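J.: Quick one, fold the following:
(chains A and B)
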Amino acid sequence: MTDTTTEPTAKAPEAAGRGPVPLPRAAARLLIVIGAIGTIASTFLSWTWTSDFPGDLTIYGYPAGLQVIALVAGALTLLYGLALWNVRGLNWLNPGKATTPVFLIALSAFAVCWFTGIAIAVDLGGLVNLDPGAFVAMAASALPVVGALALPHPAPGTGLRGYFAKPDQPRHGTLSPLAERAVITVGTALGLVVFTYGIGINDDDSETFIGFLLVLAFGAWGLVHAGLLDRYATMSARHKGFATTLAFVAAVIFPFTQSDDHNANIGVNILIFATVALGLNIVVGLTGLLDLGYVAFLGVGAYAAALVSGSEYSPYSVHFPFWAAAVTGMGASLVFGVLIGGPTLRLRGDYLAIVTLGFGEIFRITVNSLDGDSGPNVTRGPNGITQIPDINIFGFNLGDAHDVAGFTLGRFANYLFLMLVITAIVVLVFTRAADSRIGRSWIAIREDETAATAMGINGFRVKLIAFALGASLAGLAGTVMAHVNYSVNPQPYQFAGAAPPNSAFLLAAVVLGGMGTVSGPLLGASVLYLVPEKLQFLQNYELFAFGIALILLMRFRPEGIIANRRRQLEFHETGQLDVPAQTTLTDDPAVTKAGA
Amino acid sequence: MRFGGLTAVRSVDFTVNSGEIVGLIGPNGAGKTTFFNCLTGLYVPTEGTVAYQGRVLPPKPHLVTQAGIARTFQNIRLFANMTVLENVLVGRHTRTKEGLWSALLRGPGFRKAEKESEAKAMELLEFVGLAAKRDHLARNLPYGEQRKLEIARALASEPGLLLLDEPTAGMNPQETRATEELVFAIRDKGVAVLVIEHDMRFIFNLCDRVAVLVQGEKLVEGTSEVVQADERVVAAYLGEPFEGDPGEAEAAEVEAAEAAAASESDTAAPSETGTAAASESDTATPSETESETAVAESTGDPEDTTDAESTGTTEGEAQ
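T.: All right, here's what the predicted structure looks like:
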């Protein structure tokens, strides 16, 4: 890739380094700053006359809903615009003075403002519903995009595509350890704020959530192009323990920021989903076994816990304490994992996928049939086992609200803490297993099974361990899920459905987030859970949209959102002869995603 | 070893003693790689056994490696997306035994074993000259270094017998010589080496004994002089002399023409032979398995199956 800094292109002959808009560079920079200020100012105006539009954008001097998002995007654009003017202290934002980060950030403001304008016009029926503020916002937010297009072209000769290709950024130095930790702290706090804001958007405010996603996607994209996220990732990798602890702390803080237990409920479900995805990541991401029936292990764990929970609908009138129920759930999943894995793991590739797919369905149908009519009454068939009592740990009933330091923590917040502990355990299991003799043999089998066996690895045995470990982790999450939801029934444990968890969504969470990484499935699970939850209007088209999203992902970023270094090199052949900067064995970027 | 009607390897009795380098040569499709696959348990021999240090080995690759036979592959099979160091660490799998529990609990034993493994792996990387590239992904190494890494990975399992399948395929003369040195160094460590190669100069420089495999059967075995002198070997590679021998006059004519040609390109001749040998083995690499299957199709008639029933024993032995 050619040099993208502005200096050399200034002297270059006309048109060679120019963007498509013919403006002097100073004017382009000015346009960006003015547009950004205009965008910010517009958010203090009224955008529409009625509060019928979600988020109430009618009040002067008080940004709300989409306006807040536009304000943030405008502020980011302003910062990047000022960085182009060499304002002191802002150089780190865009060290290479590259054009693409500015363009993408400007695009985020443009996207949210125009989306809002169009959404108002469509929702309320006509442009008359737009107040002057909206027109100001749309006009002002377009200026930085035009300005960015007038900046030197990032990669001359590549046309518009050059604006989406990642530019080379100068290699960044290191800060003092204390400063780096401070940066990680700020980054984690920002992550928590963003996550909390996203989860706090009202379920009916689909428009606001789309605006949120637009700014998040374009903004993050811009920051990646500015090299900031890479830098942050290497920083967190250097202070791995600190970053992980901080992420955990942020997740603990999360329930305290919520006045509504509903969001804590979403948080618990995300955590359950993410934990199971992480377990699946051992099987799919590390060992390379495509398991299409993984959700069945979650079901086995949930049913096992429900049967011993003391629910009056359970045929067994036993009431295990939670730790025993958890062990039971894990044990049951483990046994099933070994039973399924034993005969099938001798198969390779597609055969295994088909067999696991079949097993997943067998589980659901069996549970459906054990209702007393078609078979012995164990699971009460489609009715499921209901009225599962809340977990009681050391006399601490998770079902009751508790007051901690002036905050009231509801039922779901309690479960959130329990789930956090379990997620932490699973993350620990994952990272420790991956960075060991057994983890290396898993990866070796994924890479080349024949060579792995020729190196003395007992392929079957090692694969069975991965399969059983993944199964028991899912079983553990299942035991909590049974209690959180008060009931278990066969319906969620299918291959593909409109809502998580199901095998397809789990697999998608792993692939979307990034196979073989820790943070990838956590992020993937959050996205895949939140999007259907917040975009209710998609209900009927959800799987359709989901499919399109997956196709786009596979086309443009096959290694997932968070790439393992291995994977990244596998899919992008360019620039391979790099000298790795770090010397650790595993290179999972420990990007902290608060609350996820 | 039979594939349907085709007998790929038949009645090959073969012994490798410790501290010895033995070569295995033969024309394409002779069954050399199949023989290796039988030895290492990738193929289950239809008849016969493989014994190592007097013990008969079960046809399971990991058990064979555990017993002390390691191999490299004709077309390099590294773990492409693992680092150089990790590749060698995987090779140490059989010599370590930390399971899942110790990995999760991370006791002092685990740390010690990991450290030891890493030290051993680094030692091997230094031995083959790749220590500086420990954190590179295997896929990013140049071809010659990938071959070296594969050898290092095989050595990591502390084998008594190392099987090298065309270690110099696609290499230039300098690299070939370096590989020669490497194999000698391995031999000096007390590891017996069995090597398949098409580069005759390499084989005859290197090997204490050479066996020739033709059509799945061992033709000759002995020192390089014996093998080179054997008419059947020449026939296997170049074919039988033409029955209707060309007349004396014709032969003289050809000779004269050759002499004239030789004097013209006198200086270029020596280096040419070297590259010719290398490129020959290069093209042979991918075609070997193909030609085996091709033979399987053409000889799939019932006549051959009766022929194939004669007992075959494959035996690799090292004391």
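J.: chain center to the one helix or strand residue A:214 maps to: distance?
T.: With elements delineated by DSSP states H and E, residue A:214 resides in helix A:206-225, which encompasses its position. Shown here is helix A:206-225, whose average C-alpha point lies 13 Å from the average C-alpha point of the whole chain (C-alpha atoms, centre = their mean, to the nearest Å).
J.: Contact partners for residue B:68?
T.: Neighbour list for residue B:68: B:52, B:53, B:157, B:158, B:159, B:160, B:161 [criterion: C-beta atoms under 8 Å, 6 or more residues apart in numbering or on different chains]. C-beta here means a position set from N, CA and C on the backbone, and glycine is covered the same way.
J.: Of those residues, which pair is most distant in space?
T.: By the measure C-beta to C-beta, the contacts of residue B:68 have their two most distant members at B:53 and B:157, which lie 15.3 Å apart.
J.: list the contacts for residue 42?
T.: You didn't pick a chain, so chain A it is. Applying C-beta under 8 Å, 6+ apart to residue A:42 gives the contacts A:70, A:113, A:133, A:134, A:136, A:137, A:140, A:141.
J.: oops, I was thinking of chain B
T.: Contacts for residue B:42 (C-beta under 8 Å, 6+ apart) come out as A:450, A:453, A:454, B:61.
J.: Surely it is within a strand?
T.: No - counting by DSSP: H, G, I helix; E, B strand; the rest coil, residue B:42 is not found in a strand; it is coil.
J.: the more surrounded of residue B:53 and residue B:157?
T.: Each of residue B:53 and residue B:157 has its neighbours counted (other C-beta atoms under 10 Å in any protein chain shown); residue B:157 has more, 23 against 13.
J.: Is that one part of a helix or strand, or is it coil?
T.: Of the three states, residue B:157 takes coil under three-state DSSP.
J.: List the buried residues for stretch A:308-321?
T.: When neighbours are counted by 16 or more other C-beta atoms under 10 Å in any protein chain shown, the buried residues of stretch A:308-321 are found to be A:308, A:309, A:310, A:311, A:313, A:314, A:320.
J.: Check stretch A:243-250 too.
T.: Applying a neighbour-count criterion of 16+ other C-beta under 10 Å, one finds A:243, A:244, A:246, A:247, A:248, A:249, A:250 buried in stretch A:243-250.
J.: surely the fourth one meets residue A:188?
T.: Yes - the pair residue A:247 / residue A:188 is scored as a contact, 6.0 Å apart, by C-beta atoms under 8 Å.
J.: Filter the contacts of residue B:68 to keep only those in contact with chain A.
T.: The overlap between the contacts of residue B:68 and the neighbourhood of chain A (criterion: C-beta under 8 Å from any C-beta of the partner chain) consists of residue B:157.
J.: How about the contacts made by residue B:63?
T.: When contacts are counted by C-beta under 8 Å, 6+ apart, residue B:63 touches B:41, B:57.
J.: Please tell me how far it sits from residue B:39.
T.: Distance, residue B:63 to residue B:39, using C-beta to C-beta, to the nearest Å: 12 Å.
J.: Read off the pLDDT value for residue A:153.
T.: Residue A:153 carries a pLDDT value of 76.
J.: Same question for the residue nearest to it when sequence neighbours are not counted, what's its three-state structure.
T.: Taking C-beta to C-beta, 6 or more residues apart in numbering or on different chains as the measure, residue A:153 lies nearest to residue A:19, with 5.1 Å between them; neighbours along the chain are not counted. Going by three-state DSSP, the secondary structure assigned to residue A:19 is coil.
J.: now residue A:19: how far from residue A:155?
T.: Looking at residue A:19 against residue A:155, where the rule is C-beta to C-beta, the gap reads 11 Å.
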